[in-house]
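Engineer: using only what follows, build the 3D model:
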Amino acid sequence: MKPAKVVSINQRALENLEYIRETMQRAGAFTAVPGWGGILMGVSALMTAVVSSRLPSNTWWVASWIAEAALAIAIGSWAMAQKAKAAKSALLDGPGRKFALSLCPAMIAGALLTVVLYRQHLFGLMPGIWLLLYGSSVVTSGAFSVKVVPIMGMCFMALGAVALFTPFEWANWFMAAGFGVLHIAFGIVIARRYGG
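Structural biologist: Here you go, the predicted model:
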């Protein structure tokens, strides 16, 4: 018969503490929401609002905002990865995974609705729908994040609801207010209170 391996009580306690810490991390809030990334996304949206207001057609207007969305996704993803790396936390594990999975459905719905609205030449509905769906994705993913994130999502939704009932001539103002000003304002709060 082989003798049993003796493990010191200190070693056992350290292993238990490590397990508890990892479990609590996985169950906690996703804190890698990037404040500085939000500020950069807001600045790029403000620049897009200026550029898109001078474009010669609605097709170019839509293209400019789709390009802005792609840029914002790239900025947000990069900033989120950097913040998670600095905090030494896994980006797509536990709360981060739940955050990402909650963020995506409404964003995908927005992309599909954009195609339908474009084909029907319903450009005036796009800003409201984009703001509403982005806001709803932020609210739902914010359930796995810090408290300010769902509040930001509700602000986007409120702005989107108003934008649905305004003329298309105001579209860039609503896009600048939402994707520009709200991102910058909440980005500053997140950067100051939640470590970048």
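
Engineer: after the lengthiest helix in the chain, which helix or strand is next? Please name it.
Structural biologist: When every helix of the chain is counted residue by residue (DSSP state H), the longest turns out to be helix 58-86. Following helix 58-86 in sequence order, the next helix or strand is helix 95-119 (DSSP states H and E).

Engineer: got a list of what the most centrally placed residue in the chain touches?
Structural biologist: The residue lying closest to the centre of the chain (C-alpha atoms, centre = their mean) is V138, at 5.8 Å. Shown in contact with V138 (C-beta atoms under 8 Å, 6 or more residues apart in numbering): L103, V149, P150, M152, G153, F156. Glycine gets a C-beta too; all of them are placed from N, C-alpha and C.

Engineer: one more pass at 6 Å, please.
Structural biologist: Listed by C-beta atoms under 6 Å, 6 or more residues apart in numbering, the contact set of V138 reads M152, G153.

Engineer: for E169, see how far away it is.
Structural biologist: Distance, V138 to E169, using C-beta to C-beta, to the nearest Å: 27 Å.

Engineer: buried residues in the longest helix of the chain, which are they?
Structural biologist: Going by neighbour count (16 or more other C-beta atoms under 10 Å), the buried part of helix 58-86 is 61-62, 64-65, 68-69, 71-72, 75-76, 79-80, 82-84.

Engineer: now swap in stretch 166-176 and tell me
Structural biologist: Of the residues in stretch 166-176, A171, N172, F174, M175, A176 count as buried by neighbour count, 16+ other C-beta under 10 Å.

Engineer: just the closest of those residues to E15, please.
Structural biologist: Of all the buried residues of stretch 166-176, E15 sits closest to M175, with 52.3 Å by C-beta to C-beta.

Engineer: what pLDDT, on average, does stretch 173-183 get?
Structural biologist: Averaged across stretch 173-183, pLDDT comes to 96.
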